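J.: make a model of this:
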Amino acid sequence: MGKIVISDNVSLDGVIEDPAGDEGFRHGGWVGLIKDRPELNKLALDEALGAEALLLGRRSYEWLAARWPSRSGELADRLNSLPKYVVSSTLEDPDWNNSTVLKGDVPNEVSRLKHELNGEIVVPASFQLLRTLMEHDLVDELRLKIFPVVLGAGERLFGETSDKKPMRLVTTQTVEGDVAILTYEPVRDASRKSENHGGARAAALNRAGTREPA
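T.: Numbering: from 1, shown residues only. Next up is the predicted model:
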């Protein structure tokens, strides 16, 4: 069974737009060059080495496909060789090595992919795809690299959902002195767990002969 892992660079106020600074956003470039930051570069390499496949929206796919095939090095070699799945209704002939287009209903296609693959299916950037996956409870892990900057404008990571999506903090890490790496997992069946906890507490109070205050 595959595991959908969202991996994103995020500002303190939740912006994900143009971290590298080449998309024309007036606040772009807030991450800087990963190759000039050894700890972040190692983090990216470790994540790529641990991935079974990449899952991307069309825009993110095209942005990455325009850059990585011409590069060399361990990270480039790994990204270029990984299986890549791109969600798009318009992309016909992807030219990045080992790429497959998913054209059907997104939740169904991703669910099928999760059942076909074993290991981590990493979703870098692709915020529109992330929002669809969150809405349909298909995200298994969030890895957020929080950069110490407030941008005040720009596209945010999360959008509206039909209901709250409770998450559990799993690990924290600091790299490069001031970049926080936060890893979250979704709390499945949160309401039922809350009800069960409340029922257990009431039963314990009754056994103790104590009534819960009104």
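
J.: how far does stretch 130-146 sit from the chain's center?
T.: Centroid displacement of stretch 130-146 relative to its chain, using CA atoms, centre = their mean, to the nearest Å, is 5 Å.

J.: shift numbering so it begins at 234
T.: Sure, I'll start counting at 234 from here, so that last one is stretch 363-379.

J.: show residues contacting it.
T.: 236-245, 273, 276, 280, 339-340, 343-344, 347, 356, 390-392, 394-395, 398, 400, 403, 412-419, 421 (CB atoms under 8 Å, 6 or more residues apart in numbering). For every residue, glycine as well, the C-beta is placed using N, CA and C.

J.: tell me how many other residues crowd the nearest residue to Ala413 once chain neighbours are set aside.
T.: Take Ala413 and drop its neighbours on the chain: the residue closest to it by CB to CB, 6 or more residues apart in numbering is Ile379, 4.3 Å away. Counted with other CB atoms under 10 Å, residues neighbouring Ile379 total 18.

J.: the strand or helix carrying Ile379: how far from the chain's middle?
T.: Remark: Ile379 resides in strand 374-380, with elements defined by DSSP states H and E. Remark: strand 374-380 is offset 7 Å from the chain centroid, using CA atoms, centre = their mean.

J.: next one: stretch 288-295
T.: On the basis of CA atoms, centre = their mean, stretch 288-295 sits 13 Å off its chain's mean C-alpha point.

J.: residues making contact with it?
T.: With CB under 8 Å, 6+ apart, stretch 288-295 has contacts from 237, 297, 317-321, 323-324, 327, 329, 332, 343, 346, 354-362.
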